[in-house]
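>>> what's the 3D shape of this:
(one chain, ligands or ions: 1)
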Amino acid sequence: MDYSQIKHLANPGATIEILEKYGFSFRKQYGQNFLIDENVVRGIVHNAGVTKDDFVIEIGPGIGTMTQILAEEAGKVVAVEIDKKLIPILEGDTLAAYDNVKVINQDILKTNIGQLIKDMGFEEGKGRVMVVANLPYYITTPIIMELLEKKLPVDSITVMVQKEVADRMKEGPGSKNYGALSLAVQYYAKPRVVMTVPASCFMPRPNVDSAVIKLERFKEAPVKVLDETLMFRIIRASFNQRRKTMTNSVCSDINCGVDKEKLLKALEMTGLDSRIRGEALDLNQFAQLTNNICTLNQQ
Ligand code: SAM
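Have a look, this model is predicted:
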């Protein structure tokens, strides 16, 4: 396809023209901060590593600024947009020239993403599925957790998020940003911050700094754990009350079902102090501790 006649949107002039043409006003509750910088848009798509063999799911296409570039680089793109006012702009105008893009007017948090991937025609072993997005910040954690935990055939997730959240995903023990999200992300994927993006690259400007993070999904988890659910319950309990020792935070959480005596024994078996806080443990130690609790449960 010849894309030379297409009017790309990643600049303030073209964006304002479209917004005015359709009388579109931004909706704060949908986290609408549209990209107006071509280098940033191309940088995200480049870092995602999209090729013509790949299937891309874009969350929140807005007026289609990044969707255009994705369509030019990918085999197929499905763009899921919650705001129905954007659909005529996308389908009737900015994406009309592309025959490999499908726009779906839906809330991504209520979308069956596994089914969406099947409907795209994706087959295991033929190309990759990637999620690429300038995410509305209010859904960052739930959507990333869903994509990782549901074990969907998603090869990588390359997304713009708040810089602070990007830091949280890649940190380890000793950092104030380290938490349950860090451990969940690092159990399923290798996180890498690939770009930091100033507020001036968006319209309207957000009040926070942003960063693009790429999560490359592991084929196999980096640690062996006998009961994933229990490990994540222990992790959540530890960070819900991060100032408390694990013997207090974990044992007072009924979801964990671990009594003090058993936890003390498991901590000792893992070589950890009985007064340790969860925030001091890395992923490997959480896995070992969980495995030791499982062993004690079987006795
Ligand atoms: N991709 C565009 C860009 O970079 O210019 C827009 C990004 S803007 C930060 C977030 C987009 O996600 C908006 O278009 C917003 O309407 C959409 N959105 C917000 N919540 C959503 C949800 N739950 N499901 C799907 N789209 C959503």
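
>>> Next secondary structure after the strand or helix carrying I213?
If you go by DSSP states H and E, I213 is part of strand 210-217. Next along the chain after strand 210-217, taking DSSP H and E as the criterion, comes helix 228-240.

>>> I'd like to know which elements the next helix or strand after that following helix is packed against.
Remark: after helix 228-240, the chain's next helix or strand is helix 246-249, criterion DSSP H and E. Judged by 3 or more Cβ pairs under 8 Å, 6 or more residues apart in numbering; DSSP states H and E, the packing partners of helix 246-249 are helix 228-240, helix 260-269. (Each C-beta comes from the backbone N, C-alpha and C, glycine too.)

>>> Buried residues in the shortest one, which are they?
Neighbour counts using 16 or more other Cβ atoms under 10 Å place 262-263, 265-267 of helix 260-269 among the buried residues.

>>> Also stretch 232-242?
Those would be 232-241, for stretch 232-242 by 16+ other Cβ under 10 Å.

>>> Could you list the alpha-carbon positions for it in CSV?
Only the C-alpha atoms of stretch 232-242 are listed here, as CSV (Å, rounded to 0.1, in the frame of the first residue of the first chain):
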residue,chain,number,x,y,z
PHE,A,232,1.0,-13.7,45.2
ARG,A,233,-1.3,-13.8,48.2
ILE,A,234,1.8,-13.6,50.5
ILE,A,235,3.3,-10.8,48.3
ARG,A,236,0.0,-8.8,48.4
ALA,A,237,-0.3,-9.3,52.2
SER,A,238,3.3,-8.2,52.8
PHE,A,239,3.0,-5.0,50.8
ASN,A,240,-0.5,-4.1,52.0
GLN,A,241,1.1,-3.5,55.4
ARG,A,242,4.6,-2.9,54.3
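
>>> For the residue nearest to E268 when sequence neighbours are not counted, grab the count of nearby residues.
Closest residue in space to E268, ignoring its immediate chain neighbours: S274 at 7.4 Å, by Cβ to Cβ, 6 or more residues apart in numbering. Using other Cβ atoms under 10 Å, S274 has 13 neighbouring residues.

>>> returning to that earlier point: so which of the helices and strands packed on helix 246-249 gets nearest the ligand?
helix 228-240 (23.4 Å; Cβ to the nearest ligand atom).

>>> ok, residues contacting the closest one?
179-180, 183-184, 225, 246, 249-250, 252-253, 255-256, 258, 277-279, 281, 286-287, 289-290, 293-294 (Cβ atoms under 8 Å, 6 or more residues apart in numbering).

>>> Which of the residues you listed fall within helices?
Those of these mapping onto helices are 180, 183-184, 246, 249, 286-287, 289-290, 293-294, per DSSP state H.

>>> Any chance of a markdown table for the residues you listed, columns distance to the ligand?
Below are those laid out as a markdown table (distance: Cβ to the nearest ligand atom, whole Å):
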| residue | distance to the ligand |
| --- | --- |
| A180 | 22 |
| L183 | 25 |
| A184 | 20 |
| M246 | 35 |
| S249 | 32 |
| F286 | 31 |
| A287 | 32 |
| L289 | 36 |
| T290 | 33 |
| I293 | 37 |
| C294 | 37 |
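
>>> Buried ones among the residues you listed?
Taking 16+ other Cβ under 10 Å as the criterion, what is buried in the ones in helices among the contacts of helix 228-240 is 180, 183-184, 246, 249, 286-287, 289-290, 293.

>>> For these, which two are the farthest from each other?
Checked with Cβ to Cβ, those reach their widest spread between A184 and I293, with 18.8 Å between them.

>>> Find the closest residue to the ligand in the chain.
G60 (2.0 Å).
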